[in-house]
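Participant: just a sequence and a predicted model for now, questions to come.
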Amino acid sequence: MKYNFDEIIPRKDTNSLKYDYAKKRGLPQDLIPLWVADMDFKSPQPVIDALIEKSKHGIFGYSDSMEDYNQVLKNWFSSQYGWLIDPKWLVKTPGVVFAINMAIHAYTEEKDYTLIQEPVYYPFRDSIEKNNRKLVVNELIYTTEGTYVIDFDDFERKIRQYHVKLFILSNPHNPVGRVFTQDELIQLGNICLKHNVIVISDEIHQDFIYPGYQHTVFANINDAFAQNSITCTSPSKTFNLAGLQLSNVFIPNVDLRKKFIKALTRSGYSQPNVMGLVSCQSAYEHGQEWLTQLNHYLYENLTFTRDFLKNHLPNVHLIEPEGTYLIWIDFSSLGLSDEDIKQKMLYEAKVWLDDGTMFGQGGCGFQRINIACPRPILEQALRQIAKTFSD
Ligand SMILES: Cc1ncc(COP(=O)(O)O)c(C=O)c1O
């Protein structure tokens, strides 16, 4: 089956956060929204069919996963990443951000520091600060070649200095698009082991990897890393199921798992959303062909974006992503303030992006654009941006 990712599916008036909430947030309603990380594509047909089938049954009582679900997950992670999961490790949560919040409760106290690598997905910072925990940032280095690398010396220095308890890793990294190499992950993992820092590996973007790169599951590098980490995964980004609220968290270490489940129980969460379960199982069982085609389309969108910016806004620099459909763009050479960039983007270009400053240290002068949309929408947004910022 050939999927048509060029198809424009209207999303207005569907309670979509991306399309229907501009007014609520005090923004103009005619913006092209390329901010929040969901896609403007239909999920794979087998997933839609499975959800319809479940709906026809008409009973949506408390539900949980069974052995067939575990088997599908086992097959998925072993075929995608060579990672042999044990279903005992699995804890389901209503999302990855929820899981990160649970981990913070489970593994830290108020006096404890958690380390993140900014610029990074802003709920990481929130999950630490809003739970009254302490935050320390190991800023990624933006090189003169326009790439991002880890400052390992600073990473270890901060861990030592602040007696860090927890490290939240974003891999592939949102927003800078790095897919960290095995060597980089080994260096990070060894420093964490040396200083007893537990690793929360958020791998929600793991299925979006551009040609020439390969995703490494942190916990799959060696047993010591597996025992010192929790791995957050979800079909939600991959198959556009974020509204169905399900993620699969893998915790091989018995003690870490017990503490996590205790925090989860305290939160009041028990069984997962039944539609989340149905869609996850179906996606991992039947979604591979769709995903292959999607990744091809996203790669073409990336090429299109890069070429478009080169031709129309040569002073704006696209950070070459290795993974994710979120593209980090450097507007700093235009000499505008962050507020000016924001205002011009919203009120002149009429495009709604995520401001770089939201991602913390290192975010000034940047914007993040979500390219997981039909190309005509992307092209229109880029035209509006180019017109505004080339004047
Ligand atoms: C790195 C990262 N983690 C987590 C999430 C959100 O996950 P969830 O919706 O499962 O909480 C996102 C969404 O953009 C993300 O980029």
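Facilitator: Cool, got the structure. Numbers count the residues shown, from 1 in each chain.
Participant: ok and the residue in the stretch 251-391 of the chain nearest the ligand?
Facilitator: Residue nearest to the ligand within the stretch 251-391 of the chain (CB to the nearest ligand atom): residue 326, separated by 7.1 Å. (C-beta placed from N, C-alpha, C; glycine too.)
Participant: beta partners of that residue?
Facilitator: Per DSSP bridges, the residues bridged to residue 326 are residue 370.
Participant: how near is it to residue 239?
Facilitator: 17 Å (CB to CB, to the nearest Å).
Participant: same deal with residue 335?
Facilitator: 41 Å.
Participant: which one's more surrounded, these two?
Facilitator: Between residue 335 and residue 239, residue 239 has the larger neighbour count (other CB atoms under 10 Å), namely 24 against 9.
Participant: got the contact list for the more buried one?
Facilitator: Contact analysis of residue 239 by CB atoms under 8 Å, 6 or more residues apart in numbering lists 43-44, 47, 279, 283, 287, 290-291.
Participant: and the residue lying closest to it once chain neighbours are set aside, helix, strand or coil?
Facilitator: Leaving aside its chain neighbours, residue 239 sits nearest to residue 283 (4.2 Å; criterion: CB to CB, 6 or more residues apart in numbering). Put simply, residue 283 is helix when judged by DSSP: H, G, I helix; E, B strand; the rest coil.
Participant: tell me the buried residues in stretch 344-355?
Facilitator: Residues of stretch 344-355 classed as buried under the neighbour-count rule (16 or more other CB atoms under 10 Å) are 344-346, 349-355.
Participant: can you pull the residues of this protein lying near the ligand?
Facilitator: Counting by CB under 6 Å from any ligand atom, the residues of the chain lying close to the ligand are 37, 95-98, 121, 170, 174, 202, 204, 234, 236, 242, 247.
Participant: report the contact partners of residue 323.
Facilitator: Counting by CB under 8 Å, 6+ apart, residue 323 touches 172, 177-179, 205-206, 208-210, 213, 215.
Participant: and if we set it to 10 Å?
Facilitator: Neighbouring residues of residue 323 by CB atoms under 10 Å, 6 or more residues apart in numbering: 171-174, 177-180, 205-210, 213-215, 295, 298.
Participant: likewise residue 203?
Facilitator: By CB under 10 Å, 6+ apart, the contact set of residue 203 is 81, 96, 169-172, 215-219, 231-234, 250.
Participant: give me the subset of those residues lying in strands.
Facilitator: Using DSSP state E, the subset of the contacts of residue 203 located in strands is 169-170, 231-233, 250.
Participant: re the thing from before, what about the residue of the stretch 251-391 of the chain closest to the ligand, how many neighbours?
Facilitator: There are 25 residues near residue 326, going by other CB under 10 Å.
Participant: next one: residue 57
Facilitator: Quick note: residue 57 (other CB under 10 Å) scores 8 neighbours.
Participant: surely residue 302 meets residue 325?
Facilitator: Yes. If you go by CB atoms under 10 Å, residue 302 and residue 325 touch, sitting 8.2 Å apart.
Participant: mutual contacts of the two, please.
Facilitator: With CB under 10 Å, 6+ apart, residue 302 and residue 325 have common neighbours 177, 210, 371.
Participant: turn those into JSON lines, columns for pLDDT and neighbour count.
Facilitator: Converted to JSON lines, these look like this (pLDDT from 0 to 100; neighbours: other CB atoms under 10 Å):
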{"residue": "177", "pLDDT": "98", "neighbour count": "26"}
{"residue": "210", "pLDDT": "98", "neighbour count": "18"}
{"residue": "371", "pLDDT": "98", "neighbour count": "24"}
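Participant: can you list those in a markdown table and add distance to residue 51?
Facilitator: Compiled in a markdown table, those are given as follows (distance: CB to CB, whole Å):
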| residue | distance to residue 51 |
| --- | --- |
| 177 | 31 |
| 210 | 30 |
| 371 | 26 |
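Participant: for residue 340, state which of those is nearest.
Facilitator: Closest approach to residue 340 among these (CB to CB): residue 371, at 23.8 Å.
Participant: go ahead and confirm the closest one touches residue 301.
Facilitator: Yes. Using CB under 10 Å, residue 371 is in contact with residue 301, at 4.4 Å.
Participant: between the two, which contacts overlap?
Facilitator: With contacts defined as CB under 10 Å, 6+ apart, the residues shared by residue 371 and residue 301 are 325, 327, 378.
Participant: would CSV of those residues with pLDDT, neighbour count and distance to residue 31 be doable?
Facilitator: CSV is the format used below for these (pLDDT from 0 to 100; neighbours: other CB atoms under 10 Å; distance: CB to CB, whole Å):
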residue, pLDDT, neighbour count, distance to residue 31
325, 98, 26, 19
327, 98, 24, 18
378, 98, 21, 14
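Participant: thanks a lot, see you next time.
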